[in-house]
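Novice: Generate a structure from the sequence data that follows.
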Amino acid sequence: MPTKENRFLQGRKIAPRPITAQIPITELIDQTFLAYNSGRLREGCQLLVERMLQPNVTVGLSLTGALTPAGLGMAAVIPLMEAGFVDWIVSTGANLYHDTHFGIGLELHQGRHDISDVVLQKEGVVRIYDIFFDYDVLLSTDKFFRQIIEQPEFKGRMGTAEFHYLCGKYIAAREQTLGLKNQSLLAAAYRLGVPIYTSSPGDSSIGMNLAALGLQGTGPVIDVSLDVNETAAIVLAAKNHGGASGIWILGGGSPKNFMLQTEPYLQEVLGIDEKGHDYFLQVTDARPDTGGLSGATPSEAVSWCKLDPQKLSETVVVYCDSTIAMPLLTAYCLAKVAPRPLKRLYDQRKALLEQLKETHLATQATAVS
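Specialist: Prediction:
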């Protein structure tokens, strides 16, 4: 018979109190999310409030999957940014394109996933699983982007952070004109100084409208190398002077890799003495055994120098739909942690980039000598 001294029986006793109608969300998670993926979600909540949201940690958030059409931009990401809990973002272009619908006064509606798409197409309705909107929403958003991108400040070469900052400025102005508030995360990021990057700038309707203007000889040239350097500079600065870097991943895909590759870029390519990100929280429904990046585990990331091997215990993977996990994670954090001062990393990009360059050149000089 096992005894109380058995080292495998030292975990918390499973004996939750009955759920009541008045139970706070934090107590619900702490007291009843005890096993399986509810247990991992509780661990993710605790990783955030006890480690990742400490004042010395810079938090990057990656967004994959159709999250903004489901309202998670305004419901979760904007409140997190306003609280200083998200310092920089890597997103698919599609999330930012659909985010813009809300900021310019267009509507998306709850629908059903089992309606005939042939019927919907005949009636001019576009479907994202169980979200419906009028086809004109796409045309109106395309027109909005083409109009603003033709403005003089968009001309020339720029990274996606600057491009999205300028877009956010125009969306914020449209929100104000329409009497809207906190509908668009692009507009909120503009106000709060949170840089937003897109790892695949051509892979969205925003990219398609950029391409169309390119045929006419106008619009910006997106510099993806600048994005690589700026994101690496953010991470390097985060780790300096006793700081830490926390990565919060919703989904996976290209944004996950683009956020994590900052460390291999610093170490493998630039030759800078670094150890990897300090904290890793991912919400995903992808399996690791298929070999895809979306399901790749934190321990696999260690082998790529993406994560500090000494911090592997500070990682959590929650196998869950982001639309379920994100509201719970957000509510838990806002209830448990006081707002942090805004880092406004967008305003620091040039200075951080210069620090990265100086560190790289110093490393090269040392290697040569």
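
Novice: Can you tell me the number of residues neighbouring Asn6?
Specialist: Using other C-beta atoms under 10 Å as the criterion, Asn6 is surrounded by 9 other residues. Using the backbone N, CA and C atoms, a C-beta is placed for each residue, glycine as well.

Novice: and what of the one 3 residues further on?
Specialist: Using other C-beta under 10 Å, the number of residues around Leu9 comes to 10.

Novice: Please apply the same query to the one 3 residues further on.
Specialist: Here the neighbour count serves as a burial measure; for Arg12 (other C-beta under 10 Å) it reads 6.

Novice: State the three-state secondary structure for it.
Specialist: coil (DSSP: H, G, I helix; E, B strand; the rest coil).

Novice: show me what contacts it?
Specialist: Going by C-beta atoms under 8 Å, 6 or more residues apart in numbering, Arg12 touches Leu34.

Novice: And for Ala301?
Specialist: 260, 276, 280, 307.

Novice: and if you look at Ala367?
Specialist: By C-beta under 8 Å, 6+ apart, the neighbours of Ala367 are Gly271.

Novice: From the contact counts, what lies against the helix or strand containing Gly39?
Specialist: Element membership of Gly39 [criterion: DSSP states H and E] is helix 36-47. Under the contact criterion of 3 or more C-beta pairs under 8 Å, 6 or more residues apart in numbering; DSSP states H and E, helix 36-47 touches helix 25-32, strand 279-284, strand 315-319, helix 322-336.

Novice: switch to 6 Å and redo it
Specialist: strand 315-319, helix 322-336 (3 or more C-beta pairs under 6 Å, 6 or more residues apart in numbering; DSSP states H and E).

Novice: Check which residues of the last one are buried.
Specialist: The reference is to helix 322-336. 322-323, 325-326, 328-334, 336 (16 or more other C-beta atoms under 10 Å).

Novice: how near is Asn240 to Gly84?
Specialist: 19 Å (C-beta to C-beta, to the nearest Å).

Novice: One more: Val119?
Specialist: Counting by C-beta to C-beta, the gap from Val119 to Gly84 is 46 Å.

Novice: hang on, the earlier thing: out of the helices and strands packed on helix 36-47, the one nearest Leu345 is which?
Specialist: helix 322-336 (19.2 Å; C-beta to C-beta).

Novice: what residues does the closest one touch?
Specialist: 25-26, 29, 41, 45, 48-49, 70, 72, 76, 80, 85, 250, 283, 318 (C-beta atoms under 6 Å, 6 or more residues apart in numbering).

Novice: change it to 8 Å
Specialist: By C-beta under 8 Å, 6+ apart, helix 322-336 touches 24-26, 29, 41, 44-45, 48-49, 53, 65, 67, 70, 72, 75-76, 79-80, 83, 85, 250-251, 283, 318.

Novice: Give me the below-cutoff pLDDT ranges for the stretch 1-150 of the chain.
Specialist: Residues of the stretch 1-150 of the chain meeting the criterion pLDDT under 70: 1-4.

Novice: List every C-alpha atom in stretch 110-121, with coordinates, as PDB.
Specialist: What follows is stretch 110-121, C-alpha atoms only, in PDB (Å, rounded to 0.1, in the frame of the first residue of the first chain):
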ATOM      1  CA  GLN A 110     -23.900  34.700 -35.500                       C
ATOM      2  CA  GLY A 111     -25.000  32.000 -38.000                       C
ATOM      3  CA  ARG A 112     -24.900  28.300 -38.400                       C
ATOM      4  CA  HIS A 113     -22.200  25.900 -39.700                       C
ATOM      5  CA  ASP A 114     -24.700  23.600 -41.300                       C
ATOM      6  CA  ILE A 115     -26.400  26.000 -43.800                       C
ATOM      7  CA  SER A 116     -25.800  25.300 -47.500                       C
ATOM      8  CA  ASP A 117     -22.900  27.300 -48.800                       C
ATOM      9  CA  VAL A 118     -24.500  27.300 -52.200                       C
ATOM     10  CA  VAL A 119     -27.500  29.000 -50.800                       C
ATOM     11  CA  LEU A 120     -25.400  31.500 -48.800                       C
ATOM     12  CA  GLN A 121     -23.300  32.300 -51.900                       C
END
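
Novice: Use 57 as the first number from now on
Specialist: New numbering, starting at 57: the last item is stretch 166-177.

Novice: what comes up buried for that stretch?
Specialist: Within stretch 166-177, the residues scored as buried using 16+ other C-beta under 10 Å are Gly167.

Novice: How far does it sit from its chain's centre?
Specialist: 29 Å (C-alpha atoms, centre = their mean, to the nearest Å).

Novice: Where do the strands of the stretch 257-406 of the chain begin and end?
Specialist: With DSSP state E, counting those that start in this stretch as the criterion, the stretch 257-406 of the chain has strands at 276-278, 300-306, 335-340, 371-375.
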